[in-house]
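**Student:** Coordinates only, no sequence provided:
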């Protein structure tokens, strides 16, 4: 059996605030609500009662967008009526490197016990932290005295196409204008056999592409009905090399812009290659 190994050469950090251009709904559990209460509450920190953006929601949305943009085949069934891309060969992994090479593999066991025979030669490289409500927005929403702590109630109605009868429901949202942050995305430069640090660090550019697609799409639920339009602000990109088992000093990408659309991706790719050369 051939020896397998992987080496951590450093990490790339992207930090930013997430500004809501429209109200955001990321659902939480409705258990314990009284009859007549909210139909769809938002997820909250149980200690502070503040809404937050789960890292799993943000990362899952980014991965889903990249699968759609690059036409990755939905080959693996993970739940009832839910399919995702999972490579089944080295060739397929290389073709869609911007997905599993960045976001990692899903559990190898799918619905009905189906198992992927191919394994990625490196751990999951992208980590996405939970994103708290920004302190400035917390103060602002407390001052505004919203419908519920930090959130608004949006009424919607399903209309019967024959009788025109309405079935109203209540959707909880974080209001437009609020900010979450700082969001932190961490890309670990794990290098397997036959791979080079500079090339693997360059995969971080796909993370930037996924975030750009997010700004043109939506985050959370019911985006086709106006929810979840977001914009990234106050970007900061930096990196730390691992040298002889210890972190070197953190270096900053000096061209980090105020917004994602102003980011020079060509300059970023050059900086990544030089930093991890």
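**Tutor:** Structure's in. What do you need? All figures in this text were calculated on a predicted structure; none of them were measured in a lab.

**Student:** Going by C-alpha atoms from here, please, whenever you check contacts or count neighbours.
**Tutor:** Will do.

**Student:** show me where pLDDT drops low in the stretch 1-150 of the chain?
**Tutor:** Counting by pLDDT under 70, the ranges of the stretch 1-150 of the chain that qualify are 1-3, 28-38, 107-117, 121.

**Student:** what about the strands in it?
**Tutor:** Taking DSSP state E, counting those that start in this stretch to define them, one finds strands in the stretch 1-150 of the chain at 6-20, 52-53, 76-79, 82-84, 126-128, 131-132.

**Student:** Report the buried residues of the first one.
**Tutor:** If you call a residue buried by 16 or more other C-alpha atoms under 10 Å, then strand 6-20 has these buried ones: 8-20.

**Student:** Equivalent analysis for the third one, please.
**Tutor:** For strand 76-79, the buried set under the neighbour-count rule, 16+ other C-alpha under 10 Å, comprises 76, 77, 78.

**Student:** now the fourth one
**Tutor:** Judged by neighbour count using 16+ other C-alpha under 10 Å, the buried positions of strand 82-84 are residue 84.

**Student:** So what's the gap between it and the chain middle?
**Tutor:** Remark: strand 82-84 is offset 17 Å from the chain centroid, using C-alpha atoms, centre = their mean, to the nearest Å.

**Student:** Need the residues that contact that strand.
**Tutor:** Contact partners of strand 82-84, identified using C-alpha atoms under 8 Å, 6 or more residues apart in numbering, comprise 73, 74, 75, 76, 77, 78.

**Student:** can you rerun that using 7 Å?
**Tutor:** Contacts to strand 82-84, defined as C-alpha atoms under 7 Å, 6 or more residues apart in numbering, come from residues 74, 75, 76, 77.

**Student:** just the last one next, same as before
**Tutor:** Residues from elsewhere that reach strand 131-132 (C-alpha under 7 Å, 6+ apart): 52, 53, 54, 55, 180, 181, 182, 183.

**Student:** Now do the fifth one: how many residues are near it, please.
**Tutor:** With neighbours defined by other C-alpha atoms under 10 Å, the count for residue 180 comes to 23.

**Student:** re the thing from before, closest to residue 237 among the buried residues of strand 6-20?
**Tutor:** Comparing those against residue 237 with C-alpha to C-alpha places residue 14 closest, at 4.6 Å.

**Student:** right, and the secondary structure at the nearest residue to the closest one once chain neighbours are set aside would be what?
**Tutor:** Excluding its sequence neighbours, the residue lying closest to residue 14 (C-alpha to C-alpha, 6 or more residues apart in numbering) is residue 237, at 4.6 Å. Three-state assignment for residue 237 (DSSP: H, G, I helix; E, B strand; the rest coil): strand.

**Student:** ditto for the one 4 residues further on
**Tutor:** Following three-state DSSP, the label given to residue 241 is strand.
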